[in-house]
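Participant: how would this look folded up:
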Amino acid sequence: MSEGYFHRVIRETPTRLWINNPTLEDANKAIAAGAIRCTTNPTFSAHMLKAESVNALSVIDSIIQQTTDDKTAAELAQQRLVKRGMEKFLPLYERKPGLEDMVSIQGNPHLDEVPHNREGYRS
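Facilitator: Okay, here's the model as predicted:
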């Protein structure tokens, strides 16, 4: 198997690759291509409803049996759907703790009440 572009970038530069909002299949392909981390944003659950609707609906169905609060249900859906991707990256963590592995979850920016300064950093 020939070395792909991403593997060459990793070998020749300090650049490390992440994938954004991956399905399980996307995560597998990204890891094979050299991605070491992933990130999700608030649209992740909506993306999963389109990309993996059967699984996403199953997760949501189980959550609405547990709570009638819409906000709580939405947060749980995001957490549980992201967890599946986190499990894909767990072997990277086990291989190189702290160097490869991170899965970040961006929260709802409308709920962020901490002001930022002009440079974008929290005050």
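Participant: can you pull the buried residues of the longest helix seen in the chain?
Facilitator: In the chain, ranked by residue count with DSSP state H as the criterion, the top helix is helix 70-95. Buried positions in helix 70-95, judged by neighbour count with 16 or more other CB atoms under 10 Å: 75-78, 81-82, 84-86, 88-89, 92-93. All C-beta spots, glycine's among them, are computed from the backbone N, C-alpha and C.
Participant: for stretch 15-35, same thing?
Facilitator: Those would be 17, 19, 21, 22, 23, 26, 27, 30, 31, 34, 35, for stretch 15-35 by 16+ other CB under 10 Å.
Participant: for it, the distance to its chain's centre please.
Facilitator: Stretch 15-35 sits 10 Å away from the centroid of its parent chain (CA atoms, centre = their mean, to the nearest Å).
Participant: go on, stretch 84-93?
Facilitator: Computed by CA atoms, centre = their mean, the chain-centroid distance of stretch 84-93 equals 10 Å.
Participant: do stretch 65-84 as well
Facilitator: Computed by CA atoms, centre = their mean, the chain-centroid distance of stretch 65-84 equals 15 Å.
Participant: mind listing the helices for the chain?
Facilitator: For the chain, helices defined by DSSP H occupy the ranges 5-12, 24-33, 44-51, 53-64, 70-95.
Participant: Now mean pLDDT too, for those, in CSV please.
Facilitator: Below are the helices of the chain laid out as CSV (pLDDT from 0 to 100):
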stretch, mean pLDDT
helix 5-12, 84
helix 24-33, 91
helix 44-51, 91
helix 53-64, 95
helix 70-95, 88
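Participant: related to what we said a few turns ago, got the angle for the longest helix of the chain vs helix 53-64?
Facilitator: 120 degrees (axes from the mean of the first three to the mean of the last three CA atoms, to 10 degrees).
Participant: Helix 70-95 - contacts with which helices or strands?
Facilitator: Packed against helix 70-95 by the contact rule (3 or more CB pairs under 8 Å, 6 or more residues apart in numbering; DSSP states H and E) you find helix 24-33, strand 37-40, helix 44-51, helix 53-64, strand 103-105.
Participant: Which stretch among these is buried most, on average?
Facilitator: strand 37-40 (a mean of 21; mean count of other CB atoms under 10 Å).
Participant: That's all I had, so thanks and see you.
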